[in-house]
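*Asks:* Fold the following and give me the result.
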Amino acid sequence: MCIRDSFREMDFKYVNQNEETAVALLRSLDQNHIVTEISKRTEEERAQFATQIHQLNKSYPGGLENYYNKAKKLLADSAQDVNPYADYVPSVPKGESVDFRSPDFDALEKDGLAQIAHTAFVLVAGGLGERLGYNGIKIGIPIELATKTCYLQYYIDYILAFQKKSNAPKPLPLAIMTSDDTHTLTEKLLVENSYFGMPKEQIYLMKQEKVPALLNNNAHFALRSDAFEIDTKPHGHGDVHTLLYMHKLAEKWNNDGFKWVVFFQDTNAIVFRCLPAFLGVSQRNNFEVNSLAIPRKPGEAVGALCKLTKKDGSRSLTVNVEYNQLDPLLKEHGGEKTDEKGFSLYPGNINTLVFSLKEYVPILNETQGLVAEFINPKYADATKTAFKSPTRLECMMQDYPKLLANPERVGFTQIDRFYSFAACKNDLKSAAQKAQSGLAPECASSCEQAFYSLNAELLRLTGVVNVQQPGEENSKVIAGIPLNFGPFVVLRPSFGVTIQEIRTKLADVKISTRSTVILSGDINLRHVNIDGSYEFHGSGTVSQQNLQGTGDHAFIHVHAQSDLQAEYLKIRGYDFKNVSSLLRITAPNPSL
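*Replies:* As a prediction, this is how the structure comes out:
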């Protein structure tokens, strides 16, 4: 007896057409274990369940049938240990290494800034800060304590500065990918802060939907234990391409005359200092896809960019290969080659991408933005017939090049980690463990140090500012994480987005290690010695000054379990005693 006949015998009546369609779809996908549960539920539960099925079917390209069919194949491949790269030979992809200290850097930034005038921005911000011990969205965390500017404000400030300084003919759009967990909180952060000065219509929020969790190798959907709903899980940040297709944003931007789209992650603030050079490399090399990369050591737990060519020569692609797949792939072909400094010839991927919109839009229209998926079930035993917990299909935004027929215009830009990558990912305990293993802690305190250090180095690179280097006396260990803070230097985007622009505003400036210096706007400093805490802003010149005031970065211990301290301090393990004792100097100022 079929399920439908059993419904008739029970005088089963659908609560609405939506439910009848949902039942038919589930039966066609071998989900009878769910169908048999429906008659046991109230009409309200059944109606809500049918609505959920309709939404899941609508949000996934090709519907649940496509999801189910892909899941069946990928689960079968996983159970049989199929290696997706077995037929490929790796080689080093084409790309360009960029040195902030090179004579060509100013010209590269200039070329890139001209391209930024025609660039849209996409922030992949689907995560909460739970992994950090922060009860909120990660883009709401202050990057540093000198100004307490959060990540989202910094990104918006930067885009607005790019817009002004590149003489962009149109406002530069910002799309933000959110999730069920972060969408409302992101809206709230924007509204409460008046969109951080960006016009509301310039910002687009795109909420990512989840996908069904899978119980077994038959791709049976899991039900939640606490409600009559399909259990769902995040699909991965590769959904950003589908969302841009569904919201027709990439198409709109292309039609509006924009040339490029930059994708960036939620807590890597310093990457914005690289974007002019990054766009400059894309323009010079005519790259359709350009991935920002960092030098990596062989064996480092970072995905690497590789050119993969089929053994029969029928196809090649340039993609990120995850580190757990990279080592066996390279070993099979002679091992991982290194340069004279011991770095791998295969650069490390940091998930900052720039695409040419002209080529991106047709691919989105053809594929609905659905990039190659993978599955990573945690098996209960060696038979690989049962899972420890439900799994799901996942996708990553950096796998987009797998959709391209021709990889010849796919490349990378490699920039030293110091200038390009400091992500806030870990709580203090995990960060301390990474530090003890010789790895980057990637936590709030290490990101704050990286932020100040990069800004101080940018001032040194101008050749007209002497910023005192931190010494051994500045070293300390906080919550198990070694730190060495020099001066707290904050260069607001309004002060300068290229080294050349910053250079034109400064001459013969000295900054001591104990100082806090914040520079914003069109202010100029000429022959100024700074030993203390100062914020400079305005549109004039401060000259011939020997400024000495309060300073000394006195650390105050903040316990992670304290109920009396803000969470953005607890995830650092410290506060600064004098960080708020800034003397604000506005130019022009008759007293100076």
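*Asks:* His527 versus Thr504, what's the distance?
*Replies:* Taking Cβ to Cβ, to the nearest Å as the measure, Thr504 and His527 are separated by 15 Å. C-betas here are computed from N, CA, C, even on glycine.
*Asks:* oh sorry, the question was meant for Lys58
*Replies:* Distance from Lys58 to His527, by Cβ to Cβ: 65 Å.
*Asks:* Gln436 versus the most centrally placed residue in the chain, what's the distance?
*Replies:* Centroid check for the chain by Cα atoms, centre = their mean gives Gln265 as the closest residue, at 1.2 Å. Using Cβ to Cβ, one gets 25 Å for the distance from Gln265 to Gln436.
*Asks:* And for Thr242?
*Replies:* For Thr242 relative to Gln436 (Cβ to Cβ), the value is 40 Å.
*Asks:* Between those two, tell me which one has more neighbours.
*Replies:* Thr242 (23 against 12; other Cβ atoms under 10 Å).
*Asks:* Reduced to three states, what does that one come out as?
*Replies:* Three-state assignment for Thr242 (DSSP: H, G, I helix; E, B strand; the rest coil): helix.
*Asks:* who touches it in this structure?
*Replies:* By Cβ atoms under 8 Å, 6 or more residues apart in numbering, the residues touching Thr242 are Pro61, Gln368, Gly369, Leu370.
*Asks:* Kindly recompute the last result at 6 Å.
*Replies:* Going by Cβ atoms under 6 Å, 6 or more residues apart in numbering, Thr242 touches Pro61, Gly369, Leu370.
*Asks:* Low-confidence ranges, the protein, go.
*Replies:* 1-12, 126, 551, 578-582, 587-592 (pLDDT under 70).
*Asks:* Recalculate using a threshold of 50.
*Replies:* 1-10, 590-592 (pLDDT under 50).
*Asks:* returning to what we had before: which residues sit in contact with the residue nearest to the centre of the chain?
*Replies:* Val124, Asn351.
*Asks:* could you redo the last one with a cut-off of 7 Å?
*Replies:* Val124, Asn351, Thr352, Ala423 (Cβ atoms under 7 Å, 6 or more residues apart in numbering).
*Asks:* Same check on Gln565?
*Replies:* Neighbours of Gln565 in contact, by Cβ under 7 Å, 6+ apart: Val558.
*Asks:* Can I get stretch 35-55 as PDB, trimmed to CA atoms?
*Replies:* Extracted C-alpha coordinates of stretch 35-55, given in PDB (Å, rounded to 0.1, in the frame of the first residue of the first chain):
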ATOM      1  CA  VAL A  35       5.700  11.900   5.200                       C
ATOM      2  CA  THR A  36       4.500   9.300   7.600                       C
ATOM      3  CA  GLU A  37       4.900  11.900  10.500                       C
ATOM      4  CA  ILE A  38       2.600  14.400   8.900                       C
ATOM      5  CA  SER A  39      -0.700  12.800   9.900                       C
ATOM      6  CA  LYS A  40       0.400  12.800  13.600                       C
ATOM      7  CA  ARG A  41       0.700  16.600  13.700                       C
ATOM      8  CA  THR A  42      -1.800  19.400  14.200                       C
ATOM      9  CA  GLU A  43      -3.000  21.400  11.300                       C
ATOM     10  CA  GLU A  44      -1.000  24.400  12.400                       C
ATOM     11  CA  GLU A  45       2.200  22.400  12.600                       C
ATOM     12  CA  ARG A  46       1.500  20.900   9.200                       C
ATOM     13  CA  ALA A  47       0.800  24.300   7.600                       C
ATOM     14  CA  GLN A  48       4.100  25.600   9.000                       C
ATOM     15  CA  PHE A  49       6.000  22.600   7.900                       C
ATOM     16  CA  ALA A  50       4.600  22.900   4.300                       C
ATOM     17  CA  THR A  51       5.700  26.500   4.300                       C
ATOM     18  CA  GLN A  52       9.200  25.500   5.300                       C
ATOM     19  CA  ILE A  53       9.400  22.900   2.500                       C
ATOM     20  CA  HIS A  54       8.300  25.500   0.000                       C
ATOM     21  CA  GLN A  55      10.900  28.000   1.200                       C
END
